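*Asks:* show me the folded form of this:
(chains A and B)
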Amino acid sequence: MRALIAAVIGLAAALALILTVTAIGAPTGSTSPKPLLTTVPRHP
Amino acid sequence: MRRKASLVLLGIAAFCTALSPLLRWYAFPRLARIPANEYQAVVLQAKNPTLLDYTRMKDVTVPEVSIVQTLRGNVAAAKQVRKETGRDVVVWDALSYIADPHGAMVSEIPERYVFDAHSQAPVHAGGESVDGDPVRRQGIEFKWPFLTQKRDYYYFDAQTRTSAPIHYRDTEQFHGLKVYYFEQTVPWTKVPLPKKMPLGVTPAVVTAAGMERWYTTKRMFWVDPVTGAPVNGEEIHQEEMRYIGHPEKKPLVAFAGDVKMRPDYVGSTVELVKEKRQLVLALTSYLPWGLLGLGGALLTAALLLEVRGRPGAARTAKPAPEPVPA
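*Replies:* Purely as a prediction, here's the structure:
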């Protein structure tokens, strides 16, 4: 019984971690101030 | 004490083992996304192409033509489309600027491309357009989806404003990366004139001169299958100005050339892709397999501890030898 509880705690922790990480997601940031180029750049 | 340790190990083993498929099939599709604020510029070149000289209305060969392609993620527009559609989208404002050997504009075509940040499916909102004309894209453009497959995709052609299959042809090695080679041929098609052309020439002027623009291209891409990012591109591109209603008249060549990515941009793109693909591989391969292995090892350790900790195991264990007096 105690083994079963330990396994369930492990599973629940994994699920909680994944749900939290995916809910937070990645920050969107802001639009780059760099222009759409109308000259040929010399370097990348 | 051993029983307690084996229970802790069992809990951690369950945690690791459960995390492995959750990461791969739940977290990855939700976390892997194209950043809304992406900014990229690529330069392509055609050596000794043929161009139309609008002052003489004659086709001429020039030493070089450059195509500067810039993509800029419009974060505000993406947020607006998300509000309207409820989907996590990316809005790319793109510009293809074609410059002659002196840097003067040959033509420039702006685009707005709106697509799902995760699956890259096109989203028909937010003013998707090509050269100011509203379009309805089908399939992909500029980039392939994450975990690209060895199959044909629908690829949007900005000149014809239509989508057609781009065919998977082969798997190749390119600068140390395994890449998928895709190819698409667009047959001769009548296409709209760019709104911006040299010397202030407008589409109305060309039409008044009794001409229309036709185009064909063979498009080639070498794509990193992990990120879906093209690491090299090439187009054998031809454009003609044909006389309306006079098929007997020889058309003028508006452009003819083999357009390739400039080598320095190939190098920088490969470096960028090599870095980004590690993040995708971490979520799809390294972490899931690592966690699965760790979970298995911990489970084995927990079972061993459990077996050794049982009272029966103590009885059957060999007694320690008696100390021998010196």
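
*Asks:* ok, which stretches of chain B are helices?
*Replies:* B:2-22, B:28-31, B:75-85, B:203-208, B:263-281, B:287-309, B:311-316 (DSSP state H).

*Asks:* could you confirm whether the fifth one reaches chain A?
*Replies:* In this case it means helix B:263-281. Yes: counting by CB under 8 Å from any CB of the partner chain, chain A has neighbours in helix B:263-281: B:264, B:265, B:267, B:268, B:269. Placement of C-beta: from N, CA and C, glycine included.

*Asks:* closest one of those to residue B:239?
*Replies:* residue B:265 (23.2 Å; CB to CB).

*Asks:* for residue A:41, see how far away the residue of the stretch 201-326 of chain B found nearest chain A is.
*Replies:* Residue nearest to chain A within the stretch 201-326 of chain B (CB to the nearest CB): residue B:268, separated by 3.6 Å. Distance, residue B:268 to residue A:41, by CB to CB, to the nearest Å: 11 Å.

*Asks:* likewise for residue B:183?
*Replies:* Distance from residue B:183 to residue A:41, by CB to CB: 28 Å.

*Asks:* over to residue B:246?
*Replies:* Using CB to CB, we find residue B:246 at a distance of 42 Å from residue A:41.

*Asks:* can you list the residues of the stretch 51-200 of chain B near chain A?
*Replies:* B:66, B:68, B:70, B:72-76, B:78-79, B:93-95, B:97, B:99, B:103, B:105, B:108, B:110.

*Asks:* and the nearest residue to residue B:61 once chain neighbours are set aside, what does it touch?
*Replies:* Distances taken as CB to CB, 6 or more residues apart in numbering or on different chains place residue B:50 nearest to residue B:61, at 5.3 Å, with adjacent residues excluded. By CB atoms under 8 Å, 6 or more residues apart in numbering or on different chains, the residues touching residue B:50 are B:59, B:60, B:61, B:62, B:253, B:255, B:256, B:257.

*Asks:* show me what residue of chain A gets nearest to chain B.
*Replies:* Counting by CB to the nearest CB, chain A gets nearest chain B through residue A:10, at 2.9 Å.

*Asks:* and chain B, what are its domain boundaries?
*Replies:* As given by automatic domain parsing, the domain ranges for chain B are B:1-30+B:272-310, B:32-261.

*Asks:* please produce a markdown table containing those, extended by mean pLDDT.
*Replies:* Listed next are the domains of chain B as a markdown table, based on pLDDT from 0 to 100:
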| stretch | mean pLDDT |
| --- | --- |
| domain B:1-30+B:272-310 | 94 |
| domain B:32-261 | 95 |
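
*Asks:* Serialize the ones you listed to TSV and add fields for distance to residue A:6.
*Replies:* Listed next are those as TSV, based on distance: least, CB to CB, whole Å:
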stretch	distance to residue A:6
domain B:1-30+B:272-310	4
domain B:32-261	32
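
*Asks:* wait, which of the ones you listed is closest to residue A:23?
*Replies:* domain B:1-30+B:272-310 (9.1 Å).

*Asks:* now residue B:280: how far from residue B:9?
*Replies:* Residue B:280 sits at a distance of 31 Å from residue B:9 (criterion: CB to CB).

*Asks:* swap in residue A:35?
*Replies:* Counting by CB to CB - residue A:35 and residue B:9 are separated by 57 Å.
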